[in-house]
Every structure is written in structure tokens, then in C-alpha cells.
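Q: Give the three-dimensional model of this entry:
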Amino acid sequence: MVELNIKSLVLDNLPYEIVWLDSSGNVVYANEAFCKILGYSKKEATQLTITDINVAVTPESWQNHWKEVVEKRVVNFPAIHKTKMGKFYNVGVFAQYFSYNGMEFLCGIGHEITESNFYKNLVDNTKDIGSVGGWELNLQSGSLLATTCALEIFNTVNSDDLTPSKIIHKFKNGKRLESLFGQLIKKAADFDEIFETTDFPPRYIRAIAKPSLKGDEIYKVSGVYQDVTEIIQRDNDLELYKTIIDNAQDLIYVYNDKADLLHYSESLIDKLGYSKSELDNSNMFVLDPFITQEFWEFHFDELRKKGIHRFEWLTSRKDGTKFPVDITASHLRYNGVDYSCAVVRDITVKKNRDLELCEALEEIKSLKDRLENENEYLQEEISRKINFNNIIYTSDSYKKVLTKIDQVAYTDTTVLITGESGTGKELLASAIHSNSRRKDRPLIKINCATLPKELIESELFGHKKGAFTGAVTNKMGKFTLADGGTIFLDEIGEMP
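A: Down below sits the predicted model:
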């Protein structure tokens, strides 16, 4: 090894890695920044070769690289360097050819891009932008670099957990991802797909990868992982809502203020008889010729003022037939544009039931009127033959009795009816009640001869619960029951 005594304080204090190598790839000089970043002492650094620094370099690739720099004099390229502790990091290298005392050297000036504040912050902040994490796999060294967000997506701190052989086990369809990685590495076929994780509840991760080529050779692959769980769930929710709407029996329309049909439920196709292509390019005036511009403007004004407009209407089918509907239109405003969302319900069955009910009520009213007329007629016929409710007489003396009944019936006085058994005392009591002002209330009849003397008071005036043995409930007396009507005490002479 040739020791060059051309180091200076300036080179040692530059913030970049500076290393000189001979044509065999041996390190002949390394500055302070190089030694500090890689973790070697000055003496150890001069014992290194290019393969110790960049494990992806082979003797053949170094010779090709040497020739390229000698020919072009200056070459810029990215590389992955390895520290003394075995850590890999990305660097940008500026390589320049020079000669000294008849000997040839390459001067490599490198700056670490993995820790570049601007790019590091930009990449790490993709988590806040869209939960996106990047990674890069060097196929020659087998090393994988990953951003913080990429590691967080898979709940790990170890970049090795993101290598293809391990990452495939985190997805339910790992075989598919394994096949895509195989096609990527063998045939440079990039991919962009969404996979469901084995987590519970499951998450959805978008995986994107593409190769980097040197000529026809793939030397690394890079990509991103993005957690799209919320997006997939929203899409699934929207699909569910659309399915619910399309399966609804009601007709659902969404119009703008110009009456253009923007969205609709599939029930319109079957109910109205239009094809999907016809509905996709339709508007309210085409679907219902009876709607005028004036009505539409009034309708939208109502929506803007009240937020909802409900009314009944006759909706037209494509063949011109109509059917009654109940329309509930709601006002929607999205991105500064007004919309009408109308839920239209077919009320044909309801209208038919209402018509049947109306006809039935008319029939009942007719029958009621007929019955009342017939009843009035029959009452007149009965009155011609009998008087005072079933009292039929022929003698003049009994006519005088009925005349007295007619006189006392309109008074509230107590009436005593006497006569032999079978002479019709109960009929006279009924006649007095039927011709009195109390006829709308009941006639309470009591046979006093059948009442035990110990129960007379309770029967006539009632009792409270527990008043005597056997009084298990309150009982209303017959006088109270006859209030507003008439009470007839038959065989009152038999009372003690």
C-alpha cells in the first residue's frame, strides 16, 4: 500500500465522507467524517477494501466501475454502505478519477441520504399525509431499508420483518403476494394491489413495488405500503347503502335544481319501464311531462325554505299509464350545490283500500237510514193498535186509569199502584216510566216479596265492603242504580 502524505486539515474537517481507493479497491485515505460515520479508526480504515464498505461490490463490478470513472472522470451514483457494527445506510457518492506521482486513484465523496433532514422528514411525514411507508430492498446485499411509517403499519421496529419472505405471512392471501414478488424479481414486473391482513379486526394494506435496473440487471426493488382500511370500509359502506337503496321498494331519485336525474334506485327500471341508459340521460321533464317549469321552481323553493316538501302526485310510466304516489323530497347541499332527494312511494293499494272503505261507509249509512225509516214505520203501526207500551184495553173505566197515568208520568211524584194480582200493575209502572222525562234512563224493578228481611237494606241502599259477613265488595243499591230513572217496588205490601 502506498502511503500518501497529502492529507490536510481542510479534508479532515469537511462534513462529507472522503475516501481514496486504488485500482484494486484498497482504501489509501479516509477523512475524519468517513471514520466517524462508519465507526473505524484511521488505522482501521486504511486496512479496508471497497467490499468491506459496500458489500454489493464484487471484483468484477469494481473493475467495471473503475473503468467507467476513468473514462468519464466524474460519476455520481447512490450506494449502500455498511458500518463497522453491520448497519446499512444510503449514501450519495461523487466519484472522481485523479493521478499522483504516476499512480491512479479514485476519490469518493459521499453524503448520507438516509439521514438527510429534508428527505427524511418528507418520507416520515407521509404517515400524516396518507399512512404511506416506503421501503427498498437491495438484491445484491439482501439488506432492506424502511421508513418509520412502514414499520409502524406492521407494528414492528425491525426492517427485516418487511422482507418478502416474512411480510407474506402477515396477509391472508400471502401466496398471491409471494407470486407478485417472484414476478417482480425475475421479470421486473411491478405491481399495485390491496391485501387483507391476518389481524383481528382485519386491515387492508395497499402494496406497491417496482424494480430498479442497471442495464438488464435488477439490482434493487423499492415500494410503499399504505394502510387503506378506512378507504375500503367507506367503499364497503357505500356499496352496502347502494344495495339497500337499490333493493328498496320505494323509488328514490336525486335531482339538481335544473331537474337533471343524477342518481336513482334500480327500482325505477322495473316500476317505470325505462332502461338504464334512458334513465342515465334523463331529467324530470322527460320522465313526467305533467311537471312544468313553474312547478319545479316552486318545488325547489319549498325545499330551500323548509328543507322538506311532501305531497301526493300521479306518476307516469313510460307507456303513459299513471299511478298514485306519496312523495317526500328532502333538500341536500353538497359542495355548494343544491339537490333534491325524493323518496316516492306507490300508494295504489292504499287508495284502493280508502275507496273500498268509503264505499262500505256509504253502504252502512244507507242501511242505517233504511233501518231507522222502517223502525219509525213499525212504531207508527204499533201505536195504532196498542197504547202505553203493550196495554190493550176495551173498557172505558181502564181508559180513565190510563188517562191518570198520562197525567202523572210528567211529574216527579211517587205513584202508588194498587190492584188484584194479574190486573197489570207492572205494565202500568212501565207505562208511567215510558211516558216520563226519565225514559232514557233505566226502569229498575224489585220484587219485594222475594227479598229476605236481613238483605232488604243492603239491596235497596247498598253497602260497603266488610259491613257484614259476606260483604266482600262494595255494592251499589237499587235506589242509586235508578238515579235519573224510575224504581218500581213490586209487592211492597209484603215488606216488614
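Q: And the strands in the stretch 201-350 of the chain?
A: Secondary structure of the stretch 201-350 of the chain by DSSP state E, counting those that start in this stretch: the strands cover 204-214, 217-227, 251-256, 261-264, 308-316, 322-334, 337-346.
Q: Relative to the fourth one, what are the paired strands and their orientations?
A: Spelled out, that is strand 261-264. strand 251-256 (antiparallel) (DSSP bridges).
Q: quick revisit: kindly reformat the strands of the stretch 201-350 of the chain as CSV containing distance to residue 172 and mean pLDDT.
A: Yep, even glycine has a C-beta here, placed from its N, CA and C like the rest. As requested, the strands of the stretch 201-350 of the chain are exported to CSV (distance: least, C-beta to C-beta, whole Å; pLDDT from 0 to 100):
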stretch, distance to residue 172, mean pLDDT
strand 204-214, 11, 89
strand 217-227, 16, 88
strand 251-256, 36, 87
strand 261-264, 34, 85
strand 308-316, 46, 86
strand 322-334, 36, 87
strand 337-346, 38, 87
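Q: Let's have the ones you listed in a markdown table, adding mean neighbour count and distance to residue 417.
A: Listed next are the strands of the stretch 201-350 of the chain as a markdown table, based on neighbours: other C-beta atoms under 10 Å; distance: least, C-beta to C-beta, whole Å:
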| stretch | mean neighbour count | distance to residue 417 |
| --- | --- | --- |
| strand 204-214 | 17 | 99 |
| strand 217-227 | 19 | 103 |
| strand 251-256 | 18 | 77 |
| strand 261-264 | 17 | 84 |
| strand 308-316 | 14 | 67 |
| strand 322-334 | 15 | 67 |
| strand 337-346 | 17 | 70 |
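Q: possible to save these as CSV with distance to residue 415?
A: Shown next, in CSV, are the strands of the stretch 201-350 of the chain (distance: least, C-beta to C-beta, whole Å):
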stretch, distance to residue 415
strand 204-214, 98
strand 217-227, 100
strand 251-256, 75
strand 261-264, 82
strand 308-316, 64
strand 322-334, 65
strand 337-346, 68
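Q: So for residue 440, which of those sits nearest?
A: Nearest to residue 440, of all those, is strand 308-316, at 45.2 Å by C-beta to C-beta.
Q: quick one: that closest one to strand 337-346, angle?
A: 60 degrees (axes from the mean of the first three to the mean of the last three C-alpha atoms, to 10 degrees).
Q: Per-residue pLDDT of residue 131, please?
A: You'll see residue 131 listed with a pLDDT of 63.
Q: follow-up on the earlier one: specify the stretch among the strands of the stretch 201-350 of the chain that is closest to residue 439.
A: Here strand 308-316 is closest among the strands of the stretch 201-350 of the chain (C-beta to C-beta), at 49.7 Å.
Q: Distance of residue 211 relative to residue 468?
A: As judged by C-beta to C-beta, to the nearest Å, residue 211 and residue 468 stand 109 Å apart.
Q: Among the strands of the stretch 201-350 of the chain, which comes closest to residue 358?
A: strand 322-334 (14.9 Å).
Q: for that closest one, packing partners?
A: helix 293-306, strand 308-316, strand 337-346, helix 348-385 (3 or more C-beta pairs under 8 Å, 6 or more residues apart in numbering; DSSP states H and E).
Q: Can you tell me which of those has the worst average pLDDT?
A: helix 348-385 (a mean of 74).
Q: dump the residue contacts of residue 213.
A: 188, 219 (C-beta atoms under 8 Å, 6 or more residues apart in numbering).
Q: related to what we said a few turns ago, so which of the strands of the stretch 201-350 of the chain comes closest to residue 411?
A: Nearest of those (C-beta to C-beta): strand 308-316, 60.9 Å.
Q: The closest one pairs with which strands?
A: Partners of strand 308-316 in its sheet, by DSSP bridges: strand 322-334 (antiparallel).
Q: which other residues reach the partner strand?
A: Under the contact criterion C-beta under 8 Å, 6+ apart, strand 322-334 has outside partners 251, 254, 299, 303-304, 306-317, 338-348, 351.
Q: Next: stretch 47-58.
A: The contact list for stretch 47-58, computed with C-beta under 8 Å, 6+ apart, reads 19, 21, 24-27, 30, 38, 40, 62, 65, 79-82, 138, 140-141, 219.
Q: from these, which ones fall inside strands?
A: Among those, DSSP state E puts 19, 21, 27, 30, 79, 80, 81, 82, 138, 219 in strands.
Q: Mind giving me the PyMOL command for buried ones among the residues you listed?
A: Applying 16 or more other C-beta atoms under 10 Å to the ones in strands among the contacts of stretch 47-58 leaves a buried subset, and the PyMOL line that selects it is:
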select buried, resi 19+21+27+30+79+80+81+82+138
